[in-house]
Each structure stands twice: as structure tokens, then as C-alpha cells.
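Chemist: next comes the sequence, and after it the predicted model I'd like to discuss.
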Amino acid sequence: MATATLSATQLLPLSLPKPSQKPRHANFPFQSLNPSPRLFSSNGFVSNCSPIQALLNSTPITTEAGSEPEPFTLRQICQSHVPDHVLCRMEELGFVVPTPVQRQALPTLFSGRDCILHAQTGSGKTLTYLLLVFSIVNARRSAVQALIVVPTRELGMQVTKVARMLATKPKEDELEQKSCTVMALLDGGMLMRHKSWLKAEPPTIVVATIGSLCQMLEKHMIKLEAMRVLVIDEVDFMFSSKQVSSLRKLLTSYSSINTRQTVFASASIPQHKIFLDKCIQQKWTKNDAIHVHVNPVEPMPSCLHHRFVICLKNRRHETLLSLLQSDAPQSAIVFVGEQSEKSKKAGNAPSATLLINFLKASYEGYSDILLLEEDMNFNSRAASLSEVRQGGSYLLVSTDLAARGLDLPETTHIYNYDLPRTAIDYLHRAGRTGRKPFSDKKCSVTSIIISKERFVLEKYENELMFNCEELIV
Ligand SMILES: Nc1ncnc2c1ncn2[C@@H]1O[C@H](COP(=O)(O)OP(=O)(O)OP(=O)(O)O)[C@@H](O)[C@H]1O
């Protein structure tokens, strides 16, 4: 059985600089989206795209004598794989320079290999797998050709939005050939409407939560015979959820590894070697599946500053208040633990509600404080998120529902009002900040703990290889 784990250095395409070569920048090779004199153009670049692209095309090349030009842009990496109109949209949306995961994983993905995409939170895994999807699907074919499975409705909406933005064609091009259609088949959606849509003309790409997807599969409303790429996002979470049996069925009974390319993505793949072996043994992936692990020695973004405050159990509200007053964050997420069944049965108010009431009464830093938790209906959840996305300044109080995949790039501060249950939960909560791939701006993650929780946080520090600074408030 051939299993493989590729680290960053092994995956570099031949023409990319090896780590032994002098990097352009000590921390990150691509500091700015502004084209620098080091940029080069090649014949393959010619297209009628955005001004950024035009500038990139026209910039003269300066490479060392005799050396191969280095693929500097996403366009160069994707050129012969992804349709030009998608590349143009990508650039219009500001995605010009590849993040490390894009630079390292895309050549492997374009080679057709099944892949476990393992890279930090906020590193751009979504665009990575979407570019693969667009390299494979054919908009002229009326069949579901790509399926992206996500754990929550919120993440599904986000991925759908990016996919639709990339798929959009200029009006004049639409007349020649229609764009890919993207369906969001998500829990809390209007399944009746989806049924009519699927019947009339199947979409090219489906973004689904496993519950809604399986309902449609069981009723034979959706067909996966033409599916050529399957992405499972937040794969470790999906395999540890209650829906694992549906997921296994999707991977083995509803479709076959021989006719699809399979991609698993997450910022955390515990025991990844065992997981990769299992993927092959269980026939979730083909035998030559590869583990692309970007920056394994640093599981969390380096721009995060981790802090903790020790307080008495009954002083958490006041401690959070003084932190907010001293930090005055423009945009922050406060994570609270989920209410236990016992507490629900006893008729207690959830701690998130109590906290919001307290903050509304005592903190004037925000015009509104928003809530996101599992017990809210889907409409209220959507309303909270859309307000957060609209406003330049927000304070969101949330359970771990917001911890996986959500992209709110303006978030600068994370507060763990309750300590997360595991190091992996810590990693994903912390990863809701520091989500601007080319920014060095420091963002903070602050945990409010009681003294006997200090050893738990220390355990997380060891597991995730970071240091937490004590704050006295
Ligand atoms: N090449 C790029 N240039 C600039 N910004 C990018 C690029 N690729 C992705 N981004 C931006 O980076 C942010 C994080 O990307 P994304 O949501 O894909 O992260 P992720 O790796 O999936 O994180 P998580 O593990 O938390 O889900 C997004 O705001 C996205 O628009």
C-alpha cells in the first residue's frame, strides 16, 4: 500500500525556489499584492482581465541568468487547468498571489491525485479546492459534477458564495456559453425548491450539508453518477460527528473512488498518518492519496498573540468586560460553551444569553451585540451573520458553531469566555482571527480561566506549540 505525506518542501514544483534558496522575505515570500520589479510575465498570460492582471502581464521579468521563471501568480499555477473567465474573476476578487497552501497543493490537485489538504486556519483552502473544482467541471454538461460537503449551513452559504462569485461570467460571454450553476443544499433550506431545480436542470456544483444531501440521495432526487470531484471540508469534524455513517455511505456506496477525485480539507487532521492509511483501506480515497501538510511545525497562524487571564469563577462577566474596555476591539468574537442538557432541562437560561444581557447593560462599545448558537432557528442565525458581515464593527457571542470554517476577516480579537474542550477546538476558535493571508497585523486570542484550568491551557500550549502570556486585569 502506497501512502505518502508530503511536506511543503517536497511539494514545491520544480520551478519554485527551494527553501535553501534565499527567500524573498524572512516571514513570507509574498508580502504585498502590488506587483514588484521581481514579477515577470510570460506568453501564457495574455488575456483581457483585470487591471491587476494587465499590470502583471506588462511587468518585465528579472530573473537570475539561466534560471527558470518562477510561478509567482495563481494564474500561472492554474493557467492550463482553470478556465480563463474563472481566473479573471479570481483576480477581480483580489486573489492574485497564491498563499502557501495554494502554491503547494494546486499542482498536486491538478495532477488528479486524491488529497488530504492540511493547512492552517485562514490559509485559503477554500479557494484551493474551488480552483480544482473549476478545473474539472464542464458547464455545458447538465449534471452534478462536483460535490462539496460542509458541516454547517453557515459554512455552506459562505462556500457557495465564493463558488458563485468565481463562476460568474460577463454578460456578453454568457450568451456564448452559460456559467456553472452552484446549488446550496443545506440544512434549513427549501428542499421542495431544490427538488424542482434538480429535476429541471441539475446544477454543476452542489455545496451540501450531509443531512440534506442524504435526504435527497435516499429519495433519488440527486444523482451522483457524473460526479468527478468530491470535497469534504472540515473532514476531521465530519468524521467525529453523529453523521459519520452517512458520510461513510456517501464515500463508498453513493459514489466510487474510481470515477471521482476526492479531497479532504481541514486545519486539523489528528493522527494524520493513521487517517491517510484508513482512507485508503476503507476505499474513501485511491491508493496513491497524498497528505499535503503545509507548515506542520506551526499549526496556528504566527500573527496570533495568545493571552490568558485568571479570575474567580463568579467574576467571568466582569473580567470579560474589563478586557473589552481595555482592548476596545473593533471586531471580536466571544466563544461560550454549549449549554448542557441538564441545565436546559432545569430551565436555566443559556450562559450566552446571560452574557449578552450583561454586556448590553454594562458595555457601550457596540450598538448591537449579536448571538449565534445551535438552538437559534436558521433565519435568526443567518440574520446574526449577515449583520456581522455588513457592519465594520461587531461583537459576536457564539458557541463553537462559529468555530469551524467561518470567514470573518475583520475579526481582530477572540475571547474564550469558556475554555474550549480540546486543543483542536482551541485551534479552530483562535483561527477565526488572523484571516488575512498577506497581513502581518497581530490579532489576539484571550482565554478567561479559573486557576485550576491553567493546566488545561498548558496542555493546549504543548499540543499546539504556542505560548500564552498571562494578563493581569
Ligand atoms: N490568494 C489569496 N489572496 C488573498 N486572499 C486570499 C487568498 N486565498 C484566500 N484568501 C482569503 O483568505 C481568507 C481565508 O481563506 P479560507 O476561508 O479559504 O481559509 P481556510 O484555509 O479554509 O480556513 P479554515 O481552516 O479556518 O476554514 C478568506 O478571506 C479568503 O478570501
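Modeler: All right, it came through fine.
Chemist: around the ligand, pick out the residues from the stretch 101-250 of the chain.
Modeler: When proximity is defined as C-beta under 6 Å from any ligand atom, the stretch 101-250 of the chain approaches the ligand at 102, 119, 121-127. (C-beta placed from N, C-alpha, C; glycine too.)
Chemist: and the protein, what are its domain boundaries?
Modeler: Following the TED database, the chain resolves into domains at 74-170+180-293, 304-470.
Chemist: deepest of the ones you listed, which one?
Modeler: Each of the domains of the chain was scored by mean neighbour count; the highest is domain 74-170+180-293, a mean of 20, by mean count of other C-beta atoms under 10 Å.
Chemist: quick revisit: now the domains of the chain in CSV, with mean pLDDT?
Modeler: Below are the domains of the chain laid out as CSV (pLDDT from 0 to 100):
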stretch, mean pLDDT
domain 74-170+180-293, 95
domain 304-470, 93
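Chemist: excluding covalently adjacent residues, which one is nearest to residue 99?
Modeler: In space, and not counting its chain neighbours, residue 99 is closest to residue 124: 3.9 Å by C-beta to C-beta, 6 or more residues apart in numbering.
Chemist: how close does residue 200 get to residue 119?
Modeler: Residue 200 sits 38 Å away from residue 119, taking C-beta to C-beta, to the nearest Å as the criterion.
Chemist: what does stretch 388-396 rub up against?
Modeler: The contact list for stretch 388-396 (C-beta atoms under 8 Å, 6 or more residues apart in numbering) reads 324, 329-334, 359, 365-366, 369-372, 384, 387, 402, 408, 410.
Chemist: which residues touch the residue nearest to residue 99?
Modeler: Contacts of residue 124 by C-beta under 8 Å, 6+ apart are 98-99, 101-102, 437.
Chemist: in strands only, show me those residues.
Modeler: Residues of the contacts of residue 124 located in strands (DSSP state E): none.
Chemist: distance of residue 156 from residue 365?
Modeler: As for residue 156, its distance to residue 365 is 31 Å (criterion: C-beta to C-beta).
Chemist: kindly report the same for residue 77.
Modeler: In terms of C-beta to C-beta, residue 77 sits 43 Å off from residue 365.
Chemist: isn't residue 348 right up against residue 339?
Modeler: Yes: in this structure, residue 348 is within contact of residue 339 by C-beta atoms under 8 Å, at 7.4 Å.
Chemist: for the residue of the stretch 201-350 of the chain found nearest the ligand, which non-adjacent residue is closest in space?
Modeler: Nearest residue of the stretch 201-350 of the chain to the ligand: residue 267, at 3.9 Å (C-beta to the nearest ligand atom). Nearest non-adjacent residue to residue 267, counting by C-beta to C-beta, 6+ apart: residue 121, 4.4 Å away.
Chemist: give me the element the one you found is part of.
Modeler: Using DSSP states H and E, residue 121 maps to neither a helix nor a strand.
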